[in-house]
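# Got a predicted structure plus its sequence, pasted below:
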Amino acid sequence: MEPREAILKISAAMNAAVIGQQEVVERILIALLADGHVLMEGFPGTAKTRSVKTLSKLVESDFGRVQFTPDLLPSDVTGSEIYREQDGSFEFQPGPIFGNLILADEINRAPAKVQSALLEAMEERQVTVAAKTHALPELFLVLATQNPIEQEGTYPLPEAQMDRFLLYVRVDYPVGENETAILRLVRGEKSGAAAEPIAPLSQEVIFAARKEVYAVHVAEPAEKYIVDLILATRNPKQYGDQLARWIRLGASPRGTLALDAAARAHAWLQGQDFVSPDNIRAVAAACLAHRIHLTYEAEAAGVTRGEVIEELLKNVVPV
């Protein structure tokens, strides 16, 4: 089976298990193909955790889950050195971060010292404990969730942490016609009438798919469009008074790399061997919404980051 055919099979299985969240499924698969991390934000009960667990069953992987709470310690995430009385030595006991697919559930419920334990792992794919560096698996993906409506006992993610997520995905309620399908799906699962699970996809197929994604051609005009979008977030005055009133701080070069990687993965999923402006626009909000910072005026007016990205795409046009 060809890598793209295998990934599309995974996509179909996820959409069958997570009804009404096609865009969320697509974004997760883009992150998997682009070797990046995902931050999912949505109300309780919108299948954020379910989507991650479903992917872990469809891919040959070690699944790790960290339930972030205010009393969590960094060593609960990374692991720690354990003293062995038998020989008086220390042995490293890996934490749940040493897996392939890591669910960081309610990541904003832990204080900064715990959130910072993920920084090295997410960027450099390694963990340093007691002056010793331990490599993480080649397939390593952090999928974090947070609830936007609960503020008590939460700690907003710092900019450095947010910037390490390839994509930000807003998970909304499914539309009305999907509610009955969800009801019947869960009822069938509880009664044992659910569909037969498919064989997990091997990691080698994912790595082969990534090579194909990296080979997707990005022409110079497409590169210029990506760079123009990033520069517009840093110099909004050049693109209209509206953006200048809304954007306080723009995206970093990591945003440029994220937009390029995500656009290539999106094009590959569509069966293209090149990146078009439509691919870039399709992933712009997911790549940039968490990387721009709004002015106090925009926040006071209730302007969302999604609206800012829409205005950005209106004002910055491809050559």
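Structure received. Numbering: from 1, shown residues only.

# which intervals of the chain have sub-threshold pLDDT?
Confidence mapping of the chain against pLDDT under 70 gives the ranges 150-153, 192-195.

# Verify the assumption that Ala104 is located in a strand.
Yes - for Ala104, which was evaluated using DSSP: H, G, I helix; E, B strand; the rest coil, the result is membership in a strand.

# ok, it - contacts?
Applying Cβ atoms under 8 Å, 6 or more residues apart in numbering, we find Ala104 in contact with 66, 68, 118, 142-145. In this view, the C-beta of every residue, glycine as well, is placed from N, C-alpha and C.

# and Asn178, what element?
helix 176-191 (DSSP states H and E).

# Tell me the one of the contacts of Ala104 nearest Arg291?
The nearest member of the contacts of Ala104 to Arg291, counting by Cβ to Cβ, is Ala144 at 15.4 Å.

# looking at this, that closest one is in a helix?
No - under three-state DSSP, Ala144 falls outside any helix and is assigned strand.

# For it, grab the count of nearby residues.
Here the count is done by other Cβ atoms under 10 Å, and Ala144 has 27 residues near it.

# you'd agree it is up against Leu39?
Yes - shown here, Ala144 and Leu39 form a contact pair, counting by Cβ atoms under 8 Å, at 4.9 Å.

# shared neighbours, the two?
Shared contacts of Ala144 and Leu39, counting by Cβ under 8 Å, 6+ apart, come down to 107, 165.

# so who does Ala289 touch?
The contact partners of Ala289, by Cβ under 8 Å, 6+ apart, come to 168, 170, 305-306, 308-309.

# Among the residues you listed, which are located in strands?
168, 170 (DSSP state E).

# Out of the contacts of Ala289, who's the most crowded?
Scoring the contacts of Ala289 on neighbours with other Cβ under 10 Å, the highest-scoring entry is Val308 at 22 neighbours.

# In space, what's closest to it - neighbours in sequence excluded?
Trp246 (5.1 Å; Cβ to Cβ, 6 or more residues apart in numbering).

# Please report the distance of Arg248 from His293.
In this view, Arg248 and His293 are 5 Å apart by Cβ to Cβ, to the nearest Å.

# and if you look at Ala251?
Summarising the geometry, the distance separating Ala251 from His293, computed by Cβ to Cβ, is 10 Å.

# Need the contacts of Ala104 in a markdown table (columns: distance to Ala160).
Listed next are those as a markdown table, based on distance: Cβ to Cβ, whole Å:
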| residue | distance to Ala160 |
| --- | --- |
| Val66 | 19 |
| Phe68 | 17 |
| Leu118 | 10 |
| Val142 | 14 |
| Leu143 | 19 |
| Ala144 | 14 |
| Thr145 | 19 |
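
# Among those residues, name the buried ones.
Among these, those that count as buried by neighbour count (16 or more other Cβ atoms under 10 Å) are 66, 68, 118, 142-145.

# The nearest residue to Leu249 once chain neighbours are set aside: neighbour count?
The spatial neighbour of Leu249 that comes closest, neighbours along the chain excluded (Cβ to Cβ, 6+ apart), is His293 at 4.0 Å. The local packing count at His293 equals 16, with neighbours defined by other Cβ under 10 Å.

# okay but His293 is in contact with Trp246, surely?
No - the pair His293 and Trp246 fails to qualify as a contact (Cβ under 8 Å) at a distance of 10.0 Å.

# residues in contact with Ser80?
Contacts for Ser80 (Cβ under 8 Å, 6+ apart) come out as 92-93, 95, 129.

# where does the residue nearest to the spatial centre of the chain fall, phi/psi-wise?
When the chain is reduced to its mean C-alpha position, the closest residue under Cα atoms, centre = their mean turns out to be Val38, at 1.0 Å. According to degrees, to the nearest 10, the main-chain angles of Val38 amount to phi -130, psi 140.

# now it, which residues is it bridged with?
Listed by DSSP bridges, the beta-bridge partners for Val38 are Leu143, Leu167.

# where exactly do the helices run in the stretch 101-250 of the chain?
For the stretch 101-250 of the chain, the helices defined by DSSP state H, counting those that start in this stretch occupy 112-115, 119-124, 159-163, 176-191, 203-214, 220-234, 241-246.

# how about the fourth one: buried residues?
This means helix 176-191. Going by neighbour count (16+ other Cβ under 10 Å), the buried part of helix 176-191 is Leu185.

# then that helix to PDB, C-alphas only?
Listed in PDB are the C-alpha atoms of helix 176-191, where the atom choice follows Å, rounded to 0.1, in the frame of the first residue of the first chain:
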ATOM      1  CA  GLY A 176     -26.700  19.400  14.600                       C
ATOM      2  CA  GLU A 177     -26.900  16.600  12.000                       C
ATOM      3  CA  ASN A 178     -23.900  14.900  13.500                       C
ATOM      4  CA  GLU A 179     -25.300  14.800  17.000                       C
ATOM      5  CA  THR A 180     -27.500  11.800  16.200                       C
ATOM      6  CA  ALA A 181     -24.600  10.000  14.500                       C
ATOM      7  CA  ILE A 182     -22.400  10.500  17.600                       C
ATOM      8  CA  LEU A 183     -25.200   9.100  19.800                       C
ATOM      9  CA  ARG A 184     -25.500   6.000  17.700                       C
ATOM     10  CA  LEU A 185     -21.700   5.600  17.500                       C
ATOM     11  CA  VAL A 186     -21.200   5.600  21.200                       C
ATOM     12  CA  ARG A 187     -24.200   3.400  21.800                       C
ATOM     13  CA  GLY A 188     -22.800   0.900  19.300                       C
ATOM     14  CA  GLU A 189     -19.400   0.900  21.000                       C
ATOM     15  CA  LYS A 190     -20.900   0.200  24.400                       C
ATOM     16  CA  SER A 191     -23.100  -2.600  23.000                       C
END
